[in-house]
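K.L.:
A structural model of the following input is requested.
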Amino acid sequence: QVHLVESGGGLVQAGGSLRLSCADPGRTFSTYAMAWFRQAPGKEREFVATISGSGRLTSYADSVKGRFTISGDNAENTVYLQMNSLKPEDTAVYYCALRDGGYATGADLYPFWGQGTQVTVSS
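P.N.:
I've put the predicted structure just below:
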């Protein structure tokens, strides 16, 4: 049974940084693709970043490219999203997601989701 748990959200001023974590202690992420999505109030869930099981392949939404970095620690069964130069428009609930297969950007390709963690960026 998949049990993804996100942490690391919070309130930060514009220009600041946060690091989100997503863990499932009972699962080895090296065999799964992982991704981060976000959903702001009144908006649809949108893709943020994804990483292959090997960690060698990553992809980012244009809106976060150069500011966010996705990485994985297979020894800790944890995936991270390092968020730098945060902007008010990054405010959203951030979700991690897992799929058995190659990395992908479509939310409908991920059957397993965490509960989400709130990120609020003040101006």
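K.L.:
what about the strands in this protein?
P.N.:
Under the criterion DSSP state E, the chain carries strands at the ranges 5-7, 10-13, 18-23, 33-39, 46-51, 58-60, 68-73, 78-83, 92-99, 112-113, 117-122.
K.L.:
residues in contact with the fourth one?
P.N.:
When you say that, I think you mean strand 33-39. 20, 22, 45-53, 70, 72, 79, 81, 90, 92-105, 107, 110, 116, 119 (Cβ atoms under 8 Å, 6 or more residues apart in numbering). Backbone N, C-alpha and C define where each C-beta goes, glycine included.
K.L.:
Any of these buried? List them.
P.N.:
Among the contacts of strand 33-39, the ones that count as buried by 16 or more other Cβ atoms under 10 Å are 20, 22, 45, 47-53, 70, 72, 79, 81, 90, 92-99, 103-105, 107, 110, 116, 119.
K.L.:
Leaving out sequence neighbours, find the closest residue to the most centrally placed residue in the chain.
P.N.:
Centroid-nearest residue in the chain, with Cα atoms, centre = their mean: residue 36, separated by 2.5 Å. Spatial nearest neighbour of residue 36, excluding adjacent residues (Cβ to Cβ, 6 or more residues apart in numbering): residue 48 at 4.3 Å.
K.L.:
Redo the strands of the chain as TSV? Include mean pLDDT.
P.N.:
Formatted as TSV, those follow (pLDDT from 0 to 100):
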stretch	mean pLDDT
strand 5-7	94
strand 10-13	98
strand 18-23	96
strand 33-39	97
strand 46-51	98
strand 58-60	98
strand 68-73	95
strand 78-83	96
strand 92-99	97
strand 112-113	95
strand 117-122	98
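K.L.:
From residue 110, how far out is the residue nearest to residue 36?
P.N.:
The gap separating residue 48 from residue 110 is 12 Å, by Cβ to Cβ, to the nearest Å.
K.L.:
ok, now residue 66?
P.N.:
24 Å.
K.L.:
And residue 59, by the same measure?
P.N.:
14 Å.
K.L.:
Same question for residue 81.
P.N.:
Taking Cβ to Cβ, one finds residue 81 at 15 Å from residue 110.
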